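J.: Sequence and predicted structure, then a few things I'm wondering about:
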Amino acid sequence: MLEIKHLYKRYGRFLALNDMNLHVEQGELFGFVGSNGAGKTTTMRICVGLLEATSGEVYIGGQDVLQSRKAMSERIGYVPDFFGVYNSFSALEYLEFFASAYGIYGDEAKNLCLDLLKLVKLSDKANADVNGLSRGMKQRMCLARALVHNPDILFLDEPASGLDPKARFELKEILKNLSSMGKTIVISSHILPELAEMCTSVGIIDRGHMVLKGTIDEIHRAAALSSPLLITVAEEGVDDTFAFLQEIPNVHKVTAQGNRLSVVYDGNREDETALLKQMVNRDLPVYSFNRQEGSLESLFMQIVGKNKKPSGKGGQR
Ligand SMILES: Nc1ncnc2c1ncn2[C@@H]1O[C@H](COP(=O)(O)OP(=O)(O)O)[C@@H](O)[C@H]1O
Ligand SMILES: [Mg+2]
């Protein structure tokens, strides 16, 4: 549905997008995660045709967005990160105004807009002034607005930021509902766990480049593997175990506290089994051997480099 190929964006001398690549399937609820300044807004604005790319290609449903921006706008809905304040419109008038921009008028517009208000759970606010709505409600108004022309794909730039937990929950439910209606949705956030709760797949962007992309299961697995192995051995075996682990190629760092060893280990489940077997074969007195519970947050921090584990071998005691 959405295909981004080798996308670059320069602002003057600053390279904001550096070979950005992404593929999102039809019907996916895709989460775009990155710290502030990673390039999420830049990517979205290029995808929806509001910003010119320096180079690269973007396809939506096989059509080249950068070549035919105007034609594509009919298939794309966009909820920007900042939403403006408008003159005294009621919620219904506000939506009807946008419907008219797409050539939808009269009863057709009214019925459509009432349906949209229902979809975003604002039916009871149809006649209320939009300026008086809460932030969460305004956010949902913008979502309804982005749906007026029934787009195939919807881009939402940090829609949950600044919302209280209840408003976030409501937004999530609406997005899941839209997703089940078959819309492709791309949503950004700087909080990985928040997206993991609702998205079907997630991509992590760092300094204008996609550094990790996968289904939610894959991301959880990556999180599990990103945390250290915890190995407990009998007191008398600590030194031998320490020395042994230092020599394992996938081991990046070993720390010991008493008889508990924490091992930064780059391997999958099978590698773990093999490692444990080797330890047992060597008569190292292993009491317990397991991965620490992986957290999405720590995975994210590790990937975006703020909390980089030292690479290469090197012990620490
Ligand atoms: N109009 C602009 N001129 C110069 N630099 C910009 C402009 N817009 C964004 N940037 C820079 O590009 C980088 C990516 O910004 P942005 O796409 O807004 O990131 P995000 O949405 O992930 O926070 C940031 O370092 C930002 O300062
Ligand atoms: Mg942004």
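T.: Arrived safely. Ligands and ions are numbered 1, 2, ... in the order given.

J.: On the strand side of things, show who V263 bridges to.
T.: Counting by DSSP bridges, V263 is bridged to L229, V254.

J.: so what's it up against?
T.: Each residue near V263 by C-beta atoms under 8 Å, 6 or more residues apart in numbering is listed here: 228-231, 245, 251, 253-254. The way it works is simple: take the backbone N, C-alpha and C, and place the C-beta from them, glycine included.

J.: Could you report the distance from it to D271?
T.: 12 Å (C-beta to C-beta, to the nearest Å).

J.: and what of A38?
T.: Using C-beta to C-beta, we find A38 at a distance of 31 Å from D271.

J.: Neighbour count: the two, which is higher?
T.: Between A38 and D271, A38 has the larger neighbour count (other C-beta atoms under 10 Å), namely 23 against 14.

J.: List the contacts of that one.
T.: 190, 205-208, 304.

J.: I'd like the contacts of V263 as JSON lines, with distance to ligand 2 appended.
T.: As requested, the contacts of V263 are exported to JSON lines (distance: C-beta to the ion, whole Å):
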{"residue": "P228", "distance to ligand 2": "33"}
{"residue": "L229", "distance to ligand 2": "37"}
{"residue": "L230", "distance to ligand 2": "38"}
{"residue": "I231", "distance to ligand 2": "42"}
{"residue": "L245", "distance to ligand 2": "42"}
{"residue": "V251", "distance to ligand 2": "38"}
{"residue": "K253", "distance to ligand 2": "34"}
{"residue": "V254", "distance to ligand 2": "39"}
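
J.: of those residues, buried ones?
T.: Among the contacts of V263, those classed as buried by neighbour count (16 or more other C-beta atoms under 10 Å) are 228-229, 231, 245, 251, 253-254.

J.: Mind telling me the two of those residues farthest from one another?
T.: Using C-beta to C-beta, the pair of these lying farthest apart is I231 and K253, separated by 13.1 Å.

J.: quick one on the thing from earlier: just the ones of the contacts of A38 in strands?
T.: Under the assignment DSSP state E, the contacts of A38 contribute 205-206 to strands.

J.: Just among the contacts of A38, which is most surrounded?
T.: Neighbour max across these (other C-beta under 10 Å) = I205, 25 neighbours.

J.: N36 is in contact with that residue, correct?
T.: No. Using C-beta atoms under 8 Å, I205 makes no contact with N36, being 11.5 Å away.

J.: State the number of residues packed around K5.
T.: Residues near K5, counting by other C-beta under 10 Å: 13.

J.: Let me know the pLDDT of it.
T.: At K5, the model reports a pLDDT of 96.

J.: Could you report the distance from it to P228?
T.: From K5 to P228 the distance is 37 Å (C-beta to C-beta).

J.: From L119, how far out is the residue of the chain most remote from its centre?
T.: Distance from the centre of the chain peaks at E236, with 46.3 Å (C-alpha atoms, centre = their mean). E236 is 67 Å from L119, where distance means C-beta to C-beta.

J.: Now the residue farthest from the centre of the chain. Nearest residue, chain neighbours left out?
T.: Closest residue to E236 apart from its sequence neighbours, by C-beta to C-beta, 6 or more residues apart in numbering: P285 at 7.1 Å.
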